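**Student:** mind looking at a prediction? Sequence and model below.
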Amino acid sequence: MFWVLLLLLAWAFAGTACARLCLTAVRAAAADARDAPTDRERDLTLYEAAFLSGGPARVADVTMVSMARQRRLLLAHTGWATVVDPRGRDEMERSVIGAIGPEGQSRIAPVRARAAGAEAVHRLGDGLVRAGLAVPEGAGTTVGSAVRQVRAAAWAVAALGATALLLPVQTGTPRLLVGLWFTLPLTLALSCLAIARFEVHPYSRWASPAGQRLLSALAGKPAGDEGSFLTSVAVRGIRAIGEPELRAAFTHRDQPWRE
């Protein structure tokens, strides 16, 4: 009766994953209801929109793009950043200038990484978390991860069921009956996935449901001026940059012999 052990293991996978999904969805719904008034009480700043859309790296990107558009930072298509105006107008710009270093010139990739890890960006993220707009860093109980766990459990149940059916025939236990027993945990997992597909809206890595609503409202505003361009970069990333040379500055990769 080795297949019974496999069945118990299948139930453990499916039951644990589905229970986690249900609990996580309930917590997310409660947090969504608690933070619902937030999106009617404030507007997002450019840096806040960047953080909620793409995290700390997006904040560094939009800061550098903003400075480049004002001719206070030169971003060459070869992947180098050069400081033109060493006076940062806010703490994000000062973080970028500090990440470039005292020589005033550096590769964009390390500047982006150092600026994303600056204390100013951490404070920005902490403030968004306290406001209920951002997901706490390292949170492992998101709905998205719970859905992925249920999906993995469904595949595990199917694999365990197939293994049980491939075992040598045992007297008094028809293969059809064995298969039917494994369909129960598989049905549970698939049902949870179906419910999540229609009842649970997608959750991002950085923005909470309240933060996502603010981002949606921000994305719906008319474009055309400089502020709208930077907002588009904050929400969509460097793919929203229209200038080929400026976009090439972020996407440039050195050949090995150039290192």
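**Tutor:** Arrived safely, thanks for sending.
**Student:** wait, residue 51 sits on residue 126?
**Tutor:** No - judged on C-beta atoms under 8 Å, residue 51 makes no contact with residue 126 at a distance of 10.5 Å. For glycine as for every other residue, the C-beta is placed from the backbone atoms N, C-alpha and C.
**Student:** just want to know which of those two has more residues nearby.
**Tutor:** Each of residue 51 and residue 126 has its neighbours counted (other C-beta atoms under 10 Å); residue 51 has more, 28 against 13.
**Student:** I'd like to know how many residues surround the closest residue to that one other than its chain neighbours.
**Tutor:** Using C-beta to C-beta, 6 or more residues apart in numbering and skipping the chain neighbours, the partner closest in space to residue 51 is residue 59 (5.3 Å). Residue 59: 30 surrounding residues under other C-beta under 10 Å.
**Student:** now do the helices in the stretch 1-150 of the chain.
**Tutor:** For the stretch 1-150 of the chain, the helices defined by DSSP state H, counting those that start in this stretch cover 2-35, 46-69, 91-100, 108-116, 119-130, 143-166.
**Student:** who does the closest residue in space to residue 104 that isn't next to it in sequence bridge with?
**Tutor:** Using C-beta to C-beta, 6+ apart and skipping residues adjacent in sequence, the residue nearest residue 104 is residue 83, 4.2 Å away. Counting by DSSP bridges, residue 83 forms beta bridges with residue 73.
**Student:** low-confidence ranges, the chain, go.
**Tutor:** Low-confidence segments of the chain (pLDDT under 70): 28-42, 137-141, 169-172, 199-204, 219-227, 252-259.
**Student:** show me the domain layout of it.
**Tutor:** What automatic domain parsing lists as the domains of the chain is 1-42+140-219, 44-130+222-254.
**Student:** which of these is buried the deepest?
**Tutor:** domain 44-130+222-254 (a mean of 18; mean count of other C-beta atoms under 10 Å).
**Student:** thinking again about what came up before, surely the residue nearest to residue 51 and residue 116 touch.
**Tutor:** Yes - the pair residue 59 and residue 116 qualifies as a contact (C-beta under 8 Å) at a distance of 6.7 Å.
**Student:** SS state for the spatially most central residue of the chain?
**Tutor:** Taking C-alpha atoms, centre = their mean as the criterion, residue 205 is the residue nearest the geometric centre of the chain, at 2.7 Å. Following DSSP: H, G, I helix; E, B strand; the rest coil, residue 205 is assigned to coil.
**Student:** for it, which residues are in contact?
**Tutor:** Residues in contact with residue 205 (C-beta atoms under 8 Å, 6 or more residues apart in numbering) are 55, 135, 142, 144.
**Student:** and it, how far is that from residue 57?
**Tutor:** According to C-beta to C-beta, to the nearest Å, residue 205 and residue 57 sit 12 Å apart.
**Student:** before we move on, back to that, distance to residue 174 for the helices of the stretch 1-150 of the chain - can I get that in TSV?
**Tutor:** As requested, the helices of the stretch 1-150 of the chain are arranged in TSV below (distance: least, C-beta to C-beta, whole Å):
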stretch	distance to residue 174
helix 2-35	11
helix 46-69	54
helix 91-100	68
helix 108-116	60
helix 119-130	55
helix 143-166	11
